[in-house]
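> build me a structure from this.
(4 chains)
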There are 2 protein chains.
Amino acid sequence: MPRKPIETATAAVAREPVTRERAVRLAVALADAGGIESVSMRKLATELSITPMSLYYHVKSKDDIFDGMLDAVYSEMHVPGVDVAWRAAMLERARSTRAVLARHPWAISLDARTSPGPATLGHLDATIGVLRAAGFSMPLVGHAMSLLDSYVQGFAMQEATLPLDASGDIGAVTEDILAQQEMMSNAFPNLAEMAATLILQPGYAYGNEFEFGLELILHGIERMHRSTESG
Amino acid sequence: MPRKPIETATAAVAREPVTRERAVRLAVALADAGGIESVSMRKLATELSITPMSLYYHVKSKDDIFDGMLDAVYSEMHVPGVDVAWRAAMLERARSTRAVLARHPWAISLDARTSPGPATLGHLDATIGVLRAAGFSMPLVGHAMSLLDSYVQGFAMQEATLPLDASGDIGAVTEDILAQQEMMSNAFPNLAEMAATLILQPGYAYGNEFEFGLELILHGIERMHRSTESG
DNA sequence: GAACGGTACCATACGCTGTATGGTTTTGGC
DNA sequence: GCCAAAACCATACAGCGTATGGTACCGTTC
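Okay, here's the model as predicted:
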């Protein structure tokens, strides 16, 4: 039990009790602000007004916190109901996943973690449910989800790598690139041409590539699905 | 200059001089053996028979070593020549990338790094060259590469997450999963069904999903390419 | 009202990390 | 033999995760 219950009248401010959830929530905020490496047990403990070792009463290890953070991120994603048409559901799921991962870029590297939490599992379960309800065979569900998830996760990773400003345009590095332009033209002519005629053009934003790939993939899955239905 | 040139006759064993390349090569070996977190400046220095601070004469920082490691990995990938048909070239590139990333799983997390080396840039340049030679418009090159690279990288990441034994089958965790099977059946029925009827079946190996997605994507790109050629 | 078991917290310490600072030695060329 | 540059080194600092072994407080029970 907490030393100072919320009902304590003596304290002017009812202090929120320390829990794993609160620690995880705080860790997410820290990571959002300064990247994953700015999450430390000592910093977390300080923010919770306890000593580092006291944190271990609520949490098994730092990895335990990472697991919690990843599951917290998954819980931000939309989980479509089974009544939605599968294509719209997958589209929404992909867009939502990308948006959430763009909001928490540190989560992408945590994604390689091997102990999924309830939100993660629920997310997967719901997705399988949608495809099954639409008549997908189990192997096709496997194909479709592997393909979609690989693409979305990979895209999020590529996107996180790019040095973008808030608008999605190429940011401050543009000058640096232009400075090296001549050197690049010699060694990597195709890359230089692509930079000049596509990427550095005013209207270009890498984020727009997302929908192209997504449409192509969904189109292909649709084709597969129809062929198994009729065949 | 090296203290003991290779030609030195006094030393029974001609000691290889310490260089950035050698440090990076060693770091790759360390990471292959024990994961990325087993790469430390102190361990590297010890293996090179120098003190930690001496390493900084050859290398700018630990991040510099990471950059080198990633570029070393990229240099292991096949770079197809422009004379190869684009589809075969992309297929080969994707397979090679996946194989190399499976050999060095730690490289996947390093991939988010923002200072590409010469091998990385050369790899990109060659790929653009193949597509351009095949008549792809620059925007279509952008679409195709974003899609392919996102998929391959995402797949490699998913694959690295899975607890696989050498054969590619689900390994020792199978019993753990089966133990939790009943609990899962209640909370996540679709997931449980998929595990039982697909993933835990004898013949199933997640790695096989790779080719399905790859074919679907290449098929889609081919369609796009043809439509821009004829249209 | 005293004793008790669990809950929540804490102090100290160990071994590890990357690297800043400011030397010292060794070397090839003159 | 001298010198600048190259290669290397010792010391130190601030931070990290966490093992170990405590201590203060709580509601419950006798």
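
> the residue nearest the centre of chain A and DNA strand C, how far apart?
Residue closest to the average C-alpha location in chain A (Cα atoms, centre = their mean): residue A:101, at 2.3 Å. From residue A:101 across to DNA strand C, the span is 27 Å (Cβ to the nearest atom of the strand, to the nearest Å). C-betas here are computed from N, CA, C, even on glycine.

> surely that residue and residue A:107 touch.
Yes - counting by Cβ atoms under 8 Å, residue A:101 touches residue A:107, with 5.9 Å between them.

> what's the burial count for the closest residue to chain B within chain A?
When scored by Cβ to the nearest Cβ, chain A has residue A:154 as its residue closest to chain B, at 2.7 Å. Counted by other Cβ atoms under 10 Å in any protein chain shown, the residues lying close to residue A:154 total 27.

> and the residue nearest to it when sequence neighbours are not counted, its phi and psi?
Among residues not flanking residue A:154 along the chain, residue B:154 sits closest, at 2.7 Å (Cβ to Cβ, 6 or more residues apart in numbering or on different chains). Main-chain torsions, residue B:154, degrees, to the nearest 10: phi -60, psi -40.

> residue B:154 contacts residue A:159, doesn't it?
No - assessed by Cβ under 8 Å, residue B:154 is found out of contact with residue A:159, at 11.8 Å.

> and the pLDDT for residue A:6?
Note on residue A:6: pLDDT of 36.

> hang on, the earlier thing: mind listing what the residue nearest to residue A:154 touches?
By Cβ atoms under 8 Å, 6 or more residues apart in numbering or on different chains, residue B:154 lies in contact with A:149-155, A:157.

> which regions of chain A sit below the pLDDT cut-off?
Across chain A, the ranges flagged by pLDDT under 70 are A:1-15, A:164-183, A:230-231.

> which segments of it make up each domain?
As given by automatic domain parsing, the domain ranges for chain A are A:1-59, A:73-169+A:205-230.

> surely the residue nearest to the centre of chain A is within a helix?
Yes - with DSSP: H, G, I helix; E, B strand; the rest coil as the criterion, residue A:101 is part of a helix.

> check the gap between it and DNA strand D for me.
Distance, residue A:101 to DNA strand D, by Cβ to the nearest atom of the strand: 23 Å.

> can you pull the contacts of the nearest residue to residue A:143 once chain neighbours are set aside?
Of all residues not flanking residue A:143 in the chain, residue B:212 sits nearest, at 4.8 Å (Cβ to Cβ, 6+ apart). Applying Cβ under 8 Å, 6+ apart, we find residue B:212 in contact with A:143, A:146-147.

> tell me which of these is nearest to DNA strand D?
DNA strand D lies nearest to residue A:146 out of these, by Cβ to the nearest atom of the strand, at 31.8 Å.

> the closest one belongs to a strand, doesn't it?
No - if the criterion is three-state DSSP, then residue A:146 is helix and not within a strand.

> contacting residues for the closest residue in space to it that isn't next to it in sequence?
Leaving out its chain neighbours, the residue that sits closest to residue A:146 by Cβ to Cβ, 6+ apart is residue B:209, at 4.1 Å. By Cβ under 8 Å, 6+ apart, the contact set of residue B:209 is A:142-143, A:146-147, B:155.
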